[in-house]
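Engineer: only the shape, not the letters, is given here:
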C-alpha cells in the first residue's frame, strides 16, 4: 500500500463551524505533514509531525489545530476559519529521515463561506 | 535557507516534441532535489529525486533530470511529450532535520501540450 488517503474530498463550511480533515497512511511512515495550497501557487508547509510529536508549526493561526493520534493518522481541526483560508489542503508522509521523499494525498478542497 | 527558482511560469509544446523545464536551487550543502507533477485539483506525484551519485536521474513516465552542481540546476527533460503530460510541474529542494524533511517548492511551471 503506497497511498495517502484524505477525507473529505471537498468541504464547505461557514466561519462559525468546526470541522476536521483526516489523513491516513499505512506505509509505516513516521513523519507526516500538512500543506496549504492556494490556486496557482506552490504548497506551503503548515505542520510537521515526527513520531507523533509536533516538530514544526510554521506560525499557523490557532484556528488550525493539528493532531496525530497514532502513527497512521493525522487530523487537522478547523474552527472559526476565514474566507481567505479557502484552499486545497494536502497531507503528505515520509519515512523517518531527511533523505526520504514525501508521498502526497489527493487533498481536501476547502471553501469557507 | 534553501530556495528554488523556476523561471518559466508557462510553457507550451507540441505533442511529440521534446521538453525541458528549468530549475535552479540555492542551498548551502548537497541538496535533496525533487520534481513533482500535479494535475488540476489533485495531489502531487513524485517524478524523480536526486540525493547523491549519478547526476542523471531517471524517473517515471519517461522523465529524466540532470543535476549540475556548477550551475545549481536540476532541469527536467522528456524526449517526446504526450498530451497526458499537461500539468503543473514543481521543482523542490529538501533539507533534513530531526528525522523529517522540510521541502521548499518552486513556483511551478504549467505545461500545455498542443496537438
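Structural biologist: Nice, I can see it. The structure displayed is predicted, hence computed values, not measured ones. Numbering: from 1, shown residues only, chains lettered A, B, ... in the order given.
Engineer: any buried residues in the helix or strand hosting residue B:112, and which?
Structural biologist: Element membership for residue B:112 (DSSP states H and E) is strand B:109-114. By 16 or more other CB atoms under 10 Å in any protein chain shown, the buried positions in strand B:109-114 come out as B:109, B:110, B:111, B:113. Glycine gets a C-beta too; all of them are placed from N, C-alpha and C.
Engineer: tell me the residues of chain A that contact chain B?
Structural biologist: A:4, A:6, A:30-31, A:33, A:40-43, A:45, A:48, A:50-51, A:55-56, A:88, A:90, A:92, A:94, A:96-107, A:109 (CB under 8 Å from any CB of the partner chain).
Engineer: quick one: residues contacting the residue nearest to residue A:30 when sequence neighbours are not counted.
Structural biologist: Once flanking residues are discounted, residue A:30 sits nearest to residue A:96: 4.2 Å by CB to CB, 6 or more residues apart in numbering or on different chains. Residues counted as contacts of residue A:96 (CB atoms under 8 Å, 6 or more residues apart in numbering or on different chains) are A:29, A:30, A:31, A:50, A:51, B:99, B:100.
Engineer: by mean pLDDT, which helix or strand of chain A comes out lowest?
Structural biologist: strand A:53-57 (a mean of 92; mean pLDDT, DSSP states H and E).
Engineer: count the neighbours of residue 61 for me.
Structural biologist: This is for chain A. 11 (other CB atoms under 10 Å in any protein chain shown).
Engineer: was after chain B, sorry
Structural biologist: Per other CB under 10 Å, the neighbour tally for residue B:61 reads 12.
Engineer: SS state for it?
Structural biologist: Put simply, residue B:61 is helix when judged by DSSP: H, G, I helix; E, B strand; the rest coil.
Engineer: and for residue A:28?
Structural biologist: coil.
Engineer: picking up where we left off before, between the buried residues of strand B:109-114, which is nearest chain A?
Structural biologist: Nearest to chain A out of the buried residues of strand B:109-114 is residue B:110 (CB to the nearest CB; 8.3 Å).
Engineer: list the contacts of that closest one.
Structural biologist: Applying CB under 8 Å, 6+ apart, the residues contacting residue B:110 are B:9, B:10, B:11, B:87, B:88, B:89.
Engineer: please redo it, this time with the cut-off set to 6 Å
Structural biologist: Contact partners of residue B:110, counting by CB atoms under 6 Å, 6 or more residues apart in numbering or on different chains, are B:10, B:88.
Engineer: could the contacts of residue A:96 go into TSV alongside secondary structure?
Structural biologist: Formatted as TSV, the contacts of residue A:96 follow (three-state DSSP):
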residue	secondary structure
A:29	coil
A:30	coil
A:31	strand
A:50	strand
A:51	coil
B:99	coil
B:100	strand
